[in-house]
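Trainee: can you look at this prediction? I've put the sequence above it.
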Amino acid sequence: MKSKPLLLILIVAVLLVSSCIKERYDMNRLDKNNKLSPTWAVAAVKGDVSLLDMLKPTDTVVYDQDKLMILVFKKDSAVTLTMDDFSTKGPLDEMTAIIEPGTFDLGIDDVLKHISGDFQILSPTLIFNYQNAFSAPLQINLTVTGKRNNESVDLGATPFLLTGPGTPGEVVSASYIIDKNNSSLPELVSLPPEMIDYSGIATLNPPEKKGEIAAKDLGIDELVGSFELDVPMELRMTNLQFADTTDNFLKSDDDNNDALKPEDFELLRIDVTADNGFPLGVSLSMSLYDTLSKTIIKTVNATDLLQPAPVDANGKASGVSSTKTQIEFTQEFFNSINKADRIIFIFNVNTTDGGTKDVKIYSDYRIDFKASLVVKPGIELN
């Protein structure tokens, strides 16, 4: 399955800003036939929304009985072994088979291209679900490596024995859990990886030590296994940065002389008030960029657009944080719009107390978000 969860945690933070809008001001109301005062304030945005409103449950995004958000990634039919795959290379009472190399693609490579900073996932689990028909003891030694660009982290899990049927001919369904207590899984997931490579060796120790294994002693002789990576949203973020570049949608259409243009304003300011119930803080910057000269022309900053909510000893939000932010677009900024062909957006995300505390993300977290548009037109009215 190749799903693209928005990020992973990052996307949750970005949605706090972009998805809390229930009402929008229609800019077409600013008609040139209106008589405008020197400064005009307009209610532009207001919203009250929860995480569940923004991210509905899917195969990838789930919520447990306590409403904790969990990202789930699955790799079906990752391991398939029959008796024909085993051969004797060591002691006569041991037979080994190669677990063919494979790749566990999380489908988040597009998101990872845009992020940097410190990101820690605290309690992930890698579950090996299997159906085992080998009645002889069967041991699995997995080699798992997470990779991102030129970086890699090994799982470092120890070999483990599978539960087998009591009598030949039966099939046992069971699971083996790999987590922070028996591996380096938190470090691997916190990379975070674009993909996870896996391979391994299966060792069969039959009851008869004669070098030959009778089919009647081993029953159906098949093992089928799959992987499930569960990532509960228990995390820390320190200056986690998400950057994206778009075409300059602010550029004026010179062919439309009647349209209201950004440069018609001496000032445009967005006043934002937010009561944030998420333990995630967000800052935003927007830069005009010229690809020809490779320079940033002008930047607008929204520092502390959202302050993270406080958390209790268990990492759950215990209240809200209120912020008031002014995002100001000056005449100098407007005069520079047509000099740029691209706009760079940068979201900077921190968890509570600058990323020094463990936090958990629950579906019932809410944010109350209000904004007003303050404009000072410098235009001639007909």
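Mentor: The structure has been received and is ready for your questions.
Trainee: tell me, how many residues neighbour S336?
Mentor: 16 (other Cβ atoms under 10 Å). C-beta here means a position set from N, CA and C on the backbone, and glycine is covered the same way.
Trainee: domains of this protein?
Mentor: Split into domains by automatic domain parsing, the chain comes to 15-57+235-377, 69-232.
Trainee: quickly, which of those bottoms out on average pLDDT?
Mentor: Lowest mean pLDDT within those: domain 15-57+235-377, at a mean of 82.
Trainee: can you give me the offset of it from its chain's centre?
Mentor: Here domain 15-57+235-377 is found 20 Å from its chain centre; the criterion is Cα atoms, centre = their mean, to the nearest Å.
Trainee: where exactly do the helices run in the protein?
Mentor: 10-18, 51-54, 109-112, 185-189, 215-218, 331-336, 352-355 (DSSP state H).
Trainee: my guess is P57 contacts Y63. True?
Mentor: Yes - when contacts are counted by Cβ atoms under 8 Å, P57 is listed as touching Y63 (6.2 Å).
Trainee: looking at the two, which is more packed in?
Mentor: Taking other Cβ under 10 Å, P57 and Y63 do not tie; Y63 has more neighbours (19 against 11).
Trainee: what's around the closest residue to the more buried one other than its chain neighbours, how many residues?
Mentor: Closest residue to Y63 apart from its sequence neighbours, by Cβ to Cβ, 6 or more residues apart in numbering: S363 at 4.7 Å. For S363, the tally of surrounding residues (other Cβ under 10 Å) stands at 21.
Trainee: who touches S363 in this structure?
Mentor: The neighbourhood of S363, defined by Cβ atoms under 8 Å, 6 or more residues apart in numbering, consists of 50-52, 63, 67-69.
Trainee: how about a cut-off of 6 Å?
Mentor: Counting by Cβ atoms under 6 Å, 6 or more residues apart in numbering, S363 touches 51-52, 63, 67.
Trainee: so which residues of the stretch 251-382 of the chain form strands?
Mentor: Secondary structure of the stretch 251-382 of the chain (DSSP state E, counting those that start in this stretch): strands located at 265-276, 280-290, 295-306, 321-330, 342-351, 359-360, 366-377.
Trainee: show me what the last one is packed up against.
Mentor: Meaning strand 366-377. Contacts defined by 3 or more Cβ pairs under 6 Å, 6 or more residues apart in numbering; DSSP states H and E place strand 366-377 against strand 40-50, strand 265-276.
Trainee: just checking, A317 touches L280?
Mentor: No - A317 is not in contact with L280 according to Cβ atoms under 6 Å; the separation is 9.5 Å.
Trainee: what do these two both touch?
Mentor: Going by Cβ under 6 Å, 6+ apart, no residue sits against A317 while also sitting against L280.
Trainee: so what's the residue count around T203?
Mentor: Neighbour count of T203, defined by other Cβ under 10 Å: 17.
Trainee: what's the spacing between it and F227?
Mentor: Using Cβ to Cβ, to the nearest Å, T203 is found at 20 Å from F227.
Trainee: same question, E194
Mentor: Distance, E194 to F227, by Cβ to Cβ: 16 Å.
Trainee: the two: which is more packed in?
Mentor: More neighbours surround F227 than the other of E194 and F227, with 22 against 19 (other Cβ under 10 Å).
Trainee: show me what contacts the more buried one?
Mentor: F227 touches 75, 78, counting by Cβ under 6 Å, 6+ apart.
Trainee: surely P159 and Q139 touch.
Mentor: Yes - in this structure, P159 is within contact of Q139 by Cβ under 6 Å, at 5.3 Å.
Trainee: count the residues that sit near D221.
Mentor: D221 sits with 20 neighbouring residues when counted by other Cβ under 10 Å.
Trainee: do I have it right that it meets M83?
Mentor: Yes - using Cβ under 6 Å, D221 makes contact with M83 at a distance of 3.8 Å.
Trainee: list just the nearest of the contacts of S363 to N348.
Mentor: Among those, L51 lies closest to N348 (Cβ to Cβ), at 20.0 Å.
Trainee: give me the phi and psi angles of T291.
Mentor: Main-chain dihedrals, T291, degrees, to the nearest 10: phi -70, psi -30.
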